[in-house]
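Chemist: Kindly generate the corresponding structure for this input.
(chains A and B)
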Amino acid sequence: MHSRRVVITGMGAITPLGHTVHELYHNQLEGKSGAGPIFRFDARTFPTKFGSQVKDFDLAKHVRDPQRYKEAGLNTKFALAAAKQALGDAGLLDNNKVDRTTMGVYLGSGEGSHDFPNLTLSIALACQADGYKVDPNGFFIHSQRTFGATHEYEMEMHTTSAHVANEYDMQGPNYTCQTACAASGQALGEAREFIRRGEAEIMLTGGSHSMLHPFGVSGFNLLTTLSTQNDAPEKASKPFDLNRAGFVLGEGAGMVVLEELEHAKRRGAHIHAELVGYGTTADAYRVTDSHPDGRGAIACMKGALNDAGLKPTDIDYVNAHGTSTQVNDRAETVACKNVFGEYAYKLPVSSSKSMLGHLICAAGVVEMITCVMTIHNGVMVPTINYETPDPDCDLDYVPNHAREKKVNRAQSNSFGFGGQNVSLIVSRYTG
Amino acid sequence: MAAVARRAVFTGHGALTPVGLDSNTFFTALCERKSGIRRLTYADTSALHCQVGGELPEFKPNNFTTNKEHRKSFNKMARTVQMGFVVSHLAFNDAGLVVGKIDPDRAGVVFGSGMVASELDDLGRASRVSMIGEQGPVSQGIWGETGLEEIPPLWMLKYLPNMPACHASITLDLRGPSNTMTQSDAASIMALGEAYRILQRDVADVIVVGGTESKMNPLSMTRHNLFQSLSGRNDEPEKAHRPFDRDRDGSVLGEVAAAIILEDLEHAKRRGAKILAELASFACGFDRARDGVLMAKLMRTALQRAGANADEVDHVNAQGLATETADRWEAKAIHDVFGPKVPVWSMKANIGTSGAAAGAIEVLGSVMALSRGELPPTLNCDNIANDCPIHVHTDGVRLVTKPYVVKLNFTDRGQVGVAVLKRWEG
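Modeler: The predicted model follows:
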């Protein structure tokens, strides 16, 4: 066992169901959905016309000088806001008593969004009417004139974690990973490693993403992974239900402050919970589908238990990846049964994505925050829109209504395109 | 954690570079002062500020495999992803690893990768049919209704940054940890650092560490010409990228992929692998002030973790971006730690700056230097700049005389990674 224990001392969230951790959790307890018609762009002709969006977000409410980030992507803006909450919660904003070189950042975060009008026009003007070939020189001429240099720069993926570290003065390790839908879960697990090794005392970690732009929705629509239930967006995400037909694209950010236990105690920080287990694997199967027997998912869930030194029956609640796609929910159910055996039928497994939609890179951390709140409040969030049981998905998904249960340890799964698997275990902190 | 820290060694490598499509050709070319920087040929770039760069000479992924399934899968990969795939296999084979002969659950992959730009032709018809009239604009409404159907269905999967690592994990059966770092010029040195931590925490024995990036496509090229400091020396391609030189005027872009096998020492010994060098330590941080103070501190930390003194360092393998600010920043930090005498080497004049691939190819270069005992020269540093008070190694091939190498990479924002490599002495 590691001698250095890692605890959570701060949390922050900007999500479709609220701009604080409290709102995020309580709206889930009420079974609310964040989904609605897309307002980020005019999606009325797209196969999917709805998403789960962050509402009424104003960066000026969160940072001193929002003008500095005028050209930054939404992912960076969400990250800055969520980071401020988490650091504030941990008492680490402008705190000169903490050596800033021992505070790092590890994000699982995505890219900014392309300038759709100018990119597509630059291509269209350089493309023959009867073909698809684009003349590069014509493209260069138009794009050089119309693209904004700062916008293009701010799309780059290293800028988000750099802005966060710069804004809040964190000079320790600074990492960004991009493993699709598993990214922020993986960030938490690897960030913990820096603290365990003694290379940092504090890591701000989590993720941020918005793919609710024309190219993002186009890409997912082409893969036919999004629900197209346009007449009832709030009913569209129905993980584990027989009639599930794709996920709902969400956006947002979540951040947690991980801290070495003794460091947290010395400065009298409030300890929310302890991050005790992390497992990560690759399916090594296919780019498009997860392994049908849940091979990688099983290995990473077992890996997390092993890392935590826990037995399967020590877990009281699972916050599933639960995307509401046919393949994921079936494979995840198979994996839970393999890992937990008979106990799987007694173990509540619910999906925050039924309410939040899929926050892609930010999904893992927001679901981890939900787990921490579950431990604190003793109420598990439901899987909403669960109407028709699927014989292949026969576990207790906490259908439609939140449920009270004393939860001491929760496990949270994240799986990504390409066969990326992450599982984290969080425990009540008992000293 | 094991009572004694697990040691990590390099046991194989593979490279695709403008000066050679395998690591031996690449390293020999460096020793022979060859440059792969030319006027760009992939497109007419006359509308761009920088019209030179390092392209892979005649790269065809099918030349690297006879496996039909792999060949079929290449059309679902962007060029950057194809390159990542190829170097993963080259390194894996070079290390004498065989699928089925190692425990797949103890084998992983960590890549450095960046934004992988869409090929314009994939979006050509969609954009064209969505344009109103002959001058535009492009209608988002038409795009959603009919344009969308003109895009290949798997379009998005061709370009996700984690695809190089994923294709490596799928085709080499690597079922352990898989991660993709996306920190621009520091991405693949960060990947190496992460692989090191994974090995040391004993969840894997073998990790393919890679980096891949091709900006030789119009969308990347137009974007980088807008925001990156690139050389305008279009009439002298081979002279364009000038690390630490007083006349430096920016980077040139090169397309590169590199992979190295990082392996637990005991595992490597058990299977009789050839050991090329050791990864002695890693340190990273955020040089918020961008003045080199924290960068210097990180180099000292890395040396200390490696148990090495500054005077035991054979050379510093520098980033050498050849921009006004980056070289000054880097030189100041190197001078702070080592003074003016340690040989500093940068290979970017030969192959260009390759973003997410830079750390991997540069580590590979120093691993080869340590294992062969020869350090190639830096090109184009003809007159050391006054604001770069360091000794850049420029004179021919120099014998490696000391056991350690310090490898440094950093982003324009200040994310810094430092690896200390050690000569393998058995």
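Chemist: so where does the most far-flung residue of chain B relative to its centre fall, helix or strand?
Modeler: Taking CA atoms, centre = their mean, the residue of chain B most remote from its mean C-alpha position is residue B:133, at 43.7 Å. Here residue B:133 sits in a region with no helix or strand, counting by DSSP states H and E.
Chemist: ditto for residue B:168
Modeler: Assigned by DSSP H and E, residue B:168 falls in helix B:163-172.
Chemist: Could you tell me which residues of the stretch 251-400 of chain B lie near chain A?
Modeler: B:283-288, B:294, B:297 (CB under 8 Å from any CB of the partner chain). To be clear about C-beta, it is placed using only N, CA and C from the backbone, and glycine gets the same treatment.
Chemist: pLDDT at the single nearest residue of the stretch 251-400 of chain B relative to chain A, what is it?
Modeler: Taking CB to the nearest CB, chain A has its nearest neighbour within the stretch 251-400 of chain B at residue B:286, 4.1 Å off. For residue B:286, the pLDDT comes out at 98.
Chemist: for the stretch 151-300 of chain B, what are the low-confidence residue spans?
Modeler: For the stretch 151-300 of chain B, no stretch is flagged by pLDDT under 70.
Chemist: Quick one: the strands in it, in order.
Modeler: B:178-181, B:206-213, B:253-254, B:256-264, B:277-286 (DSSP state E, counting those that start in this stretch).
Chemist: who touches residue 62 in this structure?
Modeler: Answering for chain A, as no chain was given. A:80-81, A:84-85 (CB atoms under 8 Å, 6 or more residues apart in numbering or on different chains).
Chemist: that's the other chain; I wanted chain B
Modeler: Residue B:62 touches B:71, B:74, counting by CB under 8 Å, 6+ apart.
Chemist: Confirm that it sits in a strand.
Modeler: No. Checked against DSSP: H, G, I helix; E, B strand; the rest coil, residue B:62 lies outside a strand; its state is helix.
Chemist: from the chain's centre, how far out does stretch A:155-172 sit?
Modeler: Chain-centre distance of stretch A:155-172: 18 Å, with CA atoms, centre = their mean, to the nearest Å.
Chemist: Doesn't residue A:343 lie inside a helix?
Modeler: Yes. Looking at residue A:343 with three-state DSSP, it is inside a helix.
Chemist: mind giving me the domain ranges of the chain?
Modeler: Since no chain was named, I'll use chain A. A:6-113+A:155-427, A:116-147 (automatic domain parsing).
Chemist: right idea, wrong chain: chain B
Modeler: B:8-116+B:160-423, B:120-155.
Chemist: Tell me which residues touch residue B:313, please.
Modeler: B:303, B:338, B:342, B:402, B:404-406.
Chemist: Geometrically speaking, which residue is the centre of the chain?
Modeler: Just going to use chain A. Nearest to chain A centroid, counting by CA atoms, centre = their mean: residue A:363, 1.8 Å.
Chemist: That was the other one, I meant chain B.
Modeler: residue B:357 (2.0 Å).
Chemist: May I have the predicted confidence score for the residue farthest from the centre of chain B?
Modeler: For residue B:133, the model assigns a pLDDT of 95.
Chemist: do residue A:289 as well
Modeler: On the pLDDT scale, residue A:289 gets 84.
Chemist: does it really touch residue A:328, like I thought?
Modeler: No. Residue A:289 is beyond contact range of residue A:328, at 9.2 Å (criterion: CB atoms under 8 Å).
Chemist: How about residue B:267, nearest residue that isn't a chain neighbour?
Modeler: Take residue B:267 and drop its neighbours on the chain: the residue closest to it by CB to CB, 6 or more residues apart in numbering or on different chains is residue B:205, 4.1 Å away.
Chemist: Please list all residues in contact with residue 110.
Modeler: This is for chain A. A:75, A:157, A:178, A:183, A:208-211, A:360-361.
Chemist: nope, chain B please
Modeler: Going by CB under 8 Å, 6+ apart, residue B:110 touches B:165, B:177-181, B:191-192, B:194-195, B:198, B:207-210.
Chemist: Those residues: which ones sit near chain A?
Modeler: B:165, B:177-181, B:194.
Chemist: In stretch A:237-246, which of the residues would be classed as buried?
Modeler: Using 16 or more other CB atoms under 10 Å in any protein chain shown as the test for burial, stretch A:237-246 gives A:237-241, A:244-246.
Chemist: Then stretch B:202-214?
Modeler: B:203-214.
Chemist: could I get that stretch in CSV with only the CA atoms?
Modeler: What follows is stretch B:202-214 as a C-alpha-only set of coordinates in CSV (Å, rounded to 0.1, in the frame of the first residue of the first chain):
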residue,chain,number,x,y,z
ASP,B,202,3.9,-1.9,-11.5
VAL,B,203,0.8,-2.1,-13.6
ALA,B,204,2.7,-2.7,-16.9
ASP,B,205,6.0,-4.1,-17.9
VAL,B,206,6.2,-2.9,-21.5
ILE,B,207,5.0,0.4,-22.9
VAL,B,208,5.0,1.7,-26.4
VAL,B,209,5.8,5.5,-26.0
GLY,B,210,5.2,7.5,-29.2
GLY,B,211,4.5,10.8,-30.8
THR,B,212,3.2,11.6,-34.2
GLU,B,213,2.3,14.7,-36.1
SER,B,214,1.9,15.7,-39.7
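Chemist: Taking the residues of the stretch 251-400 of chain B next to chain A, tell me the two that lie furthest apart.
Modeler: Greatest spacing in those, by CB to CB: B:283 and B:288 (15.9 Å).
Chemist: With neighbour numbers in mind, choose between those two.
Modeler: residue B:283 (22 against 19; other CB atoms under 10 Å in any protein chain shown).
Chemist: And that one, how close does it get to residue B:302?
Modeler: 4 Å (CB to CB, to the nearest Å).
Chemist: so what's in contact with the two at the same time?
Modeler: residue B:418.
Chemist: Can you name the residue of the stretch 201-350 of chain A nearest chain B?
Modeler: For the stretch 201-350 of chain A, CB to the nearest CB, closest residue to chain B: residue A:219, 3.3 Å.
Chemist: about what we covered before: dump the residue contacts of the residue nearest to the centre of chain A.
Modeler: Going by CB under 8 Å, 6+ apart, residue A:363 touches A:181, A:184-185, A:207, A:250, A:321, A:353, A:414.
Chemist: that older thread, dump the contacts of residue B:313 to CSV, plus neighbour count, secondary structure and pLDDT.
Modeler: Listed next are the contacts of residue B:313 as CSV, based on neighbours: other CB atoms under 10 Å in any protein chain shown; DSSP: H, G, I helix; E, B strand; the rest coil; pLDDT from 0 to 100:
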residue, neighbour count, secondary structure, pLDDT
B:303, 23, helix, 98
B:338, 22, helix, 98
B:342, 20, coil, 98
B:402, 16, coil, 98
B:404, 25, strand, 98
B:405, 27, strand, 98
B:406, 28, strand, 98
